[in-house]
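S.K.: please find the sequence and the predicted model below.
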Amino acid sequence: MLSYIASYLVMASIYGIIALALNFQWGFSGLMNFGIGASYMLGAYSAALLSSAPTAEHLGGFGVPFPLDLVGAAIIPGFIAFLIGFPALKLKGGPFAIATLAIHEIIYLIVHNEMWLTNGVWGIRDISRPLYSQMPQQYDFFYLLIAGGMLIGFYFFFQKAVRSPWGRVIRGIKVDEDMALMSGKYAWSYKMQSFVLGSAIAGIAGGLFVHYTGFVSPTNFTPLMATFIVWLMVMVGGSGNNRGVLVGTFFVWGVWTGSEFLTDFFPGSMETRAGFMRMFLMGIILLIVIITRPQGIFGKEKIIPKYLRSE
Amino acid sequence: MKNLKIGIVIFVLIAFLASFAAVAQEKQEKLTLGALLIMSGPLASFGETEYNAVNLAKEHLNEAGGPQGKELVVDLVDSTTNPSNLRDATKKLVNVKKVPAIVGPNIRSDVVVSITAPNHVVTISPTNTPEWVTRLDDDDYNFRTTVSDKIQGQILGKLAWERGFKTASSIYVNDPYGGPLSNIACDTFEELGGECMAEVAYNPGKASYKMELLMASRGNPDVLIMPAYVEDGITIIREAIAGEYFDQFLFTDGMFAQKIADETGDVLNDMYGTSPGTSESPSYNLYHEAFRGKYGHEPKAGFSEQAYDAAIVIGLAMAASDPDAYEEDPGKAIRDNLRSVANPPGEKVTAGAESIKKALELIEAGEDINYEGAAGSVDFDENGDVISGILIWKIEDGKIKTVRTEIPERE
């Protein structure tokens, strides 16, 4: 039981990092990125390929040890986001969202079909799990320290980032891009920085994911499990509010995990439909939040510089 | 106000965690068996039929007094086709429900074994056919009651040749199931003298497969070999007929479901397919009789025999375990007794309520038994694999019928 809760917390922490990254892109910079799952997937595959032993099945054999390959898992999705940014950032709002969604699908299909690179649908097995052999049964607890620690680290990083002068420009662009331009801030460059940073950090979450499961295949990153659920976490918690997003993440992932247990109370005839009921439940939560609290449970956080507070 | 909101969120979370704990406390006096089957998504029709079979096995064991004289209960978890959900579902069975043995998974044994084997939980997959399952690092906790793809692929290729086709193409589902089956079938077909003109991969869930059909029909091959899944397969068949790309098909176990004939009309009459399994053993007949008796119809998809066998051998191994050893480490006790109840030597017992009753009595009396399953003889080798027959089936008057069983040669 405890080990199950630990594994829930590990996955929630990993999703938390992606949700923070998406919140930075959407909640603070106004980039409606529906391709966040692609960065997550790219990070996962980068870490898997960088750390794997040589094999004939796919690219690999670089043998980069654990913490270092996470750097690769950040750089590769970050760089690809940089390239995508040139055409995509010409768009705004909805069209930007559709463009990133399409790019997500393209990257998914590449990973799905390029056997030489990713071993296609077979996925990559036997990815090293740091110190696994020392404690196969307590591994969830150990990994919780790593993933939870990273989540807390990124939380403070983003809290600092949006309060810095740089973060102030980013937030300003979201509110009024022309005003930022008039103040001599080149908005496009700041949006690109936000897009790349968010994608890189989602990539790190992907790296954490593969070292936890020891296995990766394209079906891990279906739009529902890689993009939609992260958006749900941000929307439920309150976009533009890092603390809210954390609560939203643990809440949504808790409902998703917990709904599996609801199925125990279903009568026999319903038992076989349980899987569909869970997705149904996710949709209901989203609807309730959008209707009753469009700003999320916490809503947007007002960030007031210290010297302006009246005390 | 803010504190109230945080309070509500924390309360809901605690309520969920508490419901976990409440569930975990139940079921002390009974023996539990996990069922980790696909109940949603493109393979759901298989999971449902297999779950029926597992329940039938449970009933047979319980009617005979139950293993160790205790009632056996089945805990079903939907594994879905997504590996992340599969992991969670496995963890639920292993860490929360603490089941000693699982019938499943349908696919991706590698994901499951990394969780079950260190926790000493036996898994018996009724369906996971890829060749690499043999080589998993499983500490001997992973078994399967179905044969490796290699064997089915060879029989499929042979069947294509025997049916008089000279040229063939295949459209296979792009996953670890379809690829190898198509490759092995084509290799065998070409060894026999046929020609494989194209092997086209398809991605499941698309609305149309015109592109794939266009590629596969180049050069006008005689027959389309389809290692595919039911939902996509129906789309492919409809488009193939409508566009006059193909009128002859050969199927595999992924298409072994009555639904394909129901949804495409009579165009599929006299089409053949393969599936791991057997048709002519008394055990198979007894099983089907019992299944009809309980559910009022034949199993609607393949592999229900394998699922039944998996649940029965687990039950028998539970019964054969030393109670103290079982108390201490149930999974290990089941693992150590599986071969003694399933493999020779011993008195042969078959499927069906009466013979399971006899089996439990023999175990009680300390006799050795050898379970001969509905899907084959269920003799596990050192890797936990079985060698059993491949079933040849055909569609006749809109109904799926089994034709005969091919027993592969041992290597």
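M.R.: Okay, I see it. Numbers count the residues shown, from 1 in each chain, chains lettered A, B, ... in the order given.
S.K.: can you check which helix is longest in chain A?
M.R.: helix A:187-213 (DSSP state H).
S.K.: what about the next helix or strand after that one, near chain B?
M.R.: The helix or strand immediately downstream of helix A:187-213 is helix A:223, counting by DSSP states H and E. No - Helix A:223 does not reach chain B (CB under 8 Å from any CB of the partner chain); its nearest approach is 11.4 Å. In short, each C-beta sits where N, CA and C put it, glycine included.
S.K.: chain center to helix A:223: distance?
M.R.: Its chain's C-alpha centre and that of helix A:223 lie 12 Å apart, by CA atoms, centre = their mean, to the nearest Å.
S.K.: run the angle between whichever helix or strand comes after it and helix A:187-213 for me.
M.R.: Next helix or strand after helix A:223 toward the C-terminus (DSSP H and E): helix A:229-237. Angle, helix A:229-237 to helix A:187-213, by axes from the mean of the first three to the mean of the last three CA atoms, to 10 degrees: 110 degrees.
S.K.: on that earlier part again, how far does the longest helix of chain A sit from its chain's centre?
M.R.: Centroid separation for helix A:187-213 versus its chain: 8 Å, with CA atoms, centre = their mean.
S.K.: what are the buried residues along that helix?
M.R.: For helix A:187-213, the neighbour count (16 or more other CB atoms under 10 Å in any protein chain shown) marks A:187, A:190-213 as buried.
S.K.: repeat for stretch B:368-377
M.R.: For stretch B:368-377, a neighbour-count test (16+ other CB under 10 Å) marks B:369-377 as buried.
S.K.: could I get these as JSON lines with pLDDT, secondary structure and distance to chain A?
M.R.: Output for the buried residues of stretch B:368-377, formatted as JSON lines (pLDDT from 0 to 100; DSSP: H, G, I helix; E, B strand; the rest coil; distance: CB to the nearest CB, whole Å):
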{"residue": "B:I369", "pLDDT": "89", "secondary structure": "strand", "distance to chain A": "31"}
{"residue": "B:N370", "pLDDT": "89", "secondary structure": "strand", "distance to chain A": "33"}
{"residue": "B:Y371", "pLDDT": "89", "secondary structure": "strand", "distance to chain A": "27"}
{"residue": "B:E372", "pLDDT": "87", "secondary structure": "coil", "distance to chain A": "30"}
{"residue": "B:G373", "pLDDT": "86", "secondary structure": "coil", "distance to chain A": "24"}
{"residue": "B:A374", "pLDDT": "86", "secondary structure": "coil", "distance to chain A": "22"}
{"residue": "B:A375", "pLDDT": "83", "secondary structure": "coil", "distance to chain A": "22"}
{"residue": "B:G376", "pLDDT": "80", "secondary structure": "coil", "distance to chain A": "27"}
{"residue": "B:S377", "pLDDT": "82", "secondary structure": "coil", "distance to chain A": "31"}
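S.K.: which SS state does the nearest residue to A:V121 once chain neighbours are set aside fall under?
M.R.: In space, and not counting its chain neighbours, A:V121 is closest to B:D175: 4.6 Å by CB to CB, 6 or more residues apart in numbering or on different chains. Assigned with DSSP: H, G, I helix; E, B strand; the rest coil, B:D175 falls in the coil class.
S.K.: you'd agree B:M271 is up against B:K394?
M.R.: Yes - the pair B:M271 / B:K394 is scored as a contact, 6.6 Å apart, by CB atoms under 8 Å.
S.K.: quick one, which of those two is more surrounded?
M.R.: Of the pair B:M271 and B:K394, B:M271 is the one with more neighbours under other CB atoms under 10 Å in any protein chain shown, namely 24 against 17.
S.K.: contact partners for the more buried one?
M.R.: B:248-251, B:394-395 (CB atoms under 8 Å, 6 or more residues apart in numbering or on different chains).
S.K.: for it, give its distance to B:A240.
M.R.: According to CB to CB, to the nearest Å, B:M271 and B:A240 sit 12 Å apart.
S.K.: where do the contact lists of these two overlap?
M.R.: B:F249.
S.K.: which helix or strand in the chain has the lowest average pLDDT?
M.R.: As the question left the chain open, I've gone with chain A. Lowest mean confidence among the helices and strands of chain A (mean pLDDT, DSSP states H and E): helix A:268-271, at a mean of 64.
S.K.: ah, no, chain B please
M.R.: Per-SSE averages on chain B (mean pLDDT, DSSP H and E): minimum helix B:2-25, a mean of 62.
S.K.: for residue 221, give me its contacts.
M.R.: Answering for chain A, as no chain was given. With CB under 8 Å, 6+ apart, A:F221 has these contacts: A:37-38, A:40-41, A:44, A:108, A:111.
S.K.: wait, I meant chain B there
M.R.: B:165, B:167-169, B:195, B:197-198, B:246.
S.K.: over to B:E396?
M.R.: Per CB under 8 Å, 6+ apart, neighbours of B:E396: B:269-270.
S.K.: what of A:Y4?
M.R.: B:20, B:91-92, B:95-96.
S.K.: redo that, cut-off 7 Å
M.R.: Taking CB atoms under 7 Å, 6 or more residues apart in numbering or on different chains, we find A:Y4 in contact with B:91-92, B:95-96.
S.K.: equivalent analysis for B:G194, please.
M.R.: B:160-161, B:165-168.
S.K.: quick one, phi psi at it?
M.R.: Here is the backbone geometry of B:G194 (degrees, to the nearest 10): phi -80, psi -180.
S.K.: show me the shaky parts of the stretch 101-250 of chain B.
M.R.: Scanning the stretch 101-250 of chain B for pLDDT under 70 picks out nothing.
S.K.: number of nearby residues for B:P42?
M.R.: 18.
S.K.: what residues does chain A have near chain B?
M.R.: A:1, A:3-5, A:7, A:112, A:121-122, A:125, A:136-137, A:213-215, A:217, A:219-220, A:222, A:225, A:247, A:250-251, A:254, A:257-258, A:260-261, A:264, A:271-272, A:274-276, A:297-298 (CB under 7 Å from any CB of the partner chain).
S.K.: just to revisit the earlier point, what about the longest helix of chain A, average pLDDT?
M.R.: Here helix A:187-213 scores 93 as its mean pLDDT.
S.K.: now stretch A:23-32, how far from the chain's geometric center?
M.R.: Worked out by CA atoms, centre = their mean, stretch A:23-32 lies 13 Å from the chain centre.
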